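**Q** I'll drop the sequence and a predicted model, then ask my questions.
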Amino acid sequence: MSDIRRVGVVGAGLMGSGIAEVCARAGLDVLVNEINGDALDAGRQRIARSLDRAVRSGKLSEADRDAALGRMSFTTDLGEFADRDLVVEAVIEHEQTKLDVFTTLDKVVGREDAILASNTSSIPIMKLAMATRRPQQVIGLHFFNPVPVLKLVELIPSLLSGADTQARSEAFVTGVLGKTVVRSQDRAGFVVNALLIPYLLSAIRMLESGFASAEDIDNGMVLGCNHPMGPLRLADLIGLDTTKAVADSMYEEFKEPLYSAPPLLLRMVDAGLLGRKSGRGFYDYS
Ligand code: CAA
């Protein structure tokens with residue numbers, strides 16, 4: 001049994017909106033935060049579109065969609081997170097931004113045993129925990145995109161995460177959200193990205209060097225290895241800015257060339273070609 005009823009989600013981008021959606025569909029009261037009204041509106045619309053998609057594919061009734069929407073509220077004021085049992089931070093993959101969020105959450109979240117979780121893919125949980133006065137209640141809960149579809153959550157305790165925080169987080173993810181947990185040590189990339197990011201970067205290097213076309217690289221892995229999508233389309237789905245940010249954190253941590261972002265990725269991010277979310281990346285989505 002989980003004692004978590006009121007969830008706060010900081011950030012309503014690709015990941016935050018997905019996390020908010022699955023929490024609301026699981027019957028929880030969800031409060032979503034963004035830095036301004038436009039970002040909040042975009043997040044609200046993303047959630048509504050995703051719920052409509054679930055209705056269209058017969059996974060959700062219209063009544064359940066409306067009930068899930070009714071359990072969600074939206075705010076630009078983190079001060080409203082005082083009564084949350086669990087907060088999941090899902091802002092951009094930028095260390096100082098995340099540190100600032102954790103410092104603020106520590107000030108505003110009132111419940112003494114509230115869990116402060118991060119959906120970071122690569123920033124050490126220990127650093128985020130030390131931005132608070134309650135490091136024993138800080139933990140990594142790393143979801144996968146698209147959150148409503150993918151069943152995995154990586155659970156990353158820091159050196160100081162309490163046993164109670166770990167047990168309550170795991171019970172929440174498995175018992176309430178119905179997802180599967182894998183545990184990872186607090187190392188940049190955790191389990192999945194430590195394997196996935198070098199693969200995506202290799203595909204980008206392959207394209208950059210003229211070895212093969214984007215379509216052939218992706219078809220190779222879809223048809224030859226039965227992956228649901230090829231590496232370049234997957235990088236577009238994740239977002240090229242996020243792919244770069246995760247690679248940079250891993251490079252910073254391990255100093256291994258296999259984590260170093262290739263120039264083509266850097267130039268595409270500079271150009272604002274961020275993948276599906278910006279309308280163009282390795283493929284055109286407009
Ligand atoms: N939101 C909600 N539901 C979605 C969705 C989305 N964005 N995209 C697809 N779906 C649902 C569809 O509604 C559909 O549901 P039904 O079967 O009930 O109709 C189902 O997923 C399959 O979708 P499609 O038929 O449209 O397309 P598909 O079969 O090609 O699947 C996919 C799309 C689920 C994205 C699949 O290609 C896939 O799983 N790709 C790999 C994704 C992946 O590896 N993600 C991990 C990224 S790494 C990460 O997130 C972490 C990080 O730190 C970087």
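**A** All right, it came through fine. Just so we're clear, the structure is a prediction, and the values are computed from it rather than from any experiment. Numbering: from 1, shown residues only.
**Q** show me which residues of the stretch 151-286 of the chain sit near the ligand.
**A** Residues of the stretch 151-286 of the chain lying close to the ligand (Cβ under 6 Å from any ligand atom) are 193, 196, 228, 229, 234, 238, 242, 246. C-beta here means a position set from N, CA and C on the backbone, and glycine is covered the same way.
**Q** among the residues you listed, who's most crowded?
**A** residue 246 (27 neighbours; other Cβ atoms under 10 Å).
**Q** list the contacts of it.
**A** When the contact criterion is Cβ atoms under 8 Å, 6 or more residues apart in numbering, the partners of residue 246 are 93, 121, 122, 189, 193, 197.
**Q** can you read off the pLDDT for the second one?
**A** Read that as residue 121. What the model reports as pLDDT for residue 121 is 89.
**Q** and the next helix or strand past the longest helix that the chain contains?
**A** The longest helix of the chain (DSSP state H) is helix 37-56. Moving toward the C-terminus from helix 37-56, the next helix or strand (DSSP states H and E) is helix 62-70.
**Q** elements contacting the next helix or strand after that next one?
**A** Once the chain leaves helix 62-70, the next helix or strand it forms, by DSSP H and E, is strand 72-75. Judged by 3 or more Cβ pairs under 8 Å, 6 or more residues apart in numbering; DSSP states H and E, strand 72-75 is in contact with strand 29-33, helix 37-56.
**Q** show me what the last one is in contact with.
**A** Residues lying outside helix 37-56 but in contact with it, judged by Cβ under 8 Å, 6+ apart, are 12-14, 16-18, 20-21, 24-25, 32-34, 60-62, 65, 68-69, 72, 74-76, 146, 148.
**Q** how far out from the middle of the chain is it?
**A** 16 Å (Cα atoms, centre = their mean, to the nearest Å).
**Q** give me every residue that touches the closest residue to residue 119 other than its chain neighbours.
**A** In this structure, residue 119 finds its nearest non-sequential neighbour in residue 90, 4.2 Å apart by Cβ to Cβ, 6 or more residues apart in numbering. Taking Cβ under 8 Å, 6+ apart as the contact definition, residue 90 lies against 9, 10, 11, 13, 15, 16, 19, 118, 119, 143.
**Q** now go through those and say which are in strands.
**A** 9, 10, 118, 143 (DSSP state E).
**Q** no further queries at this time; thank you.
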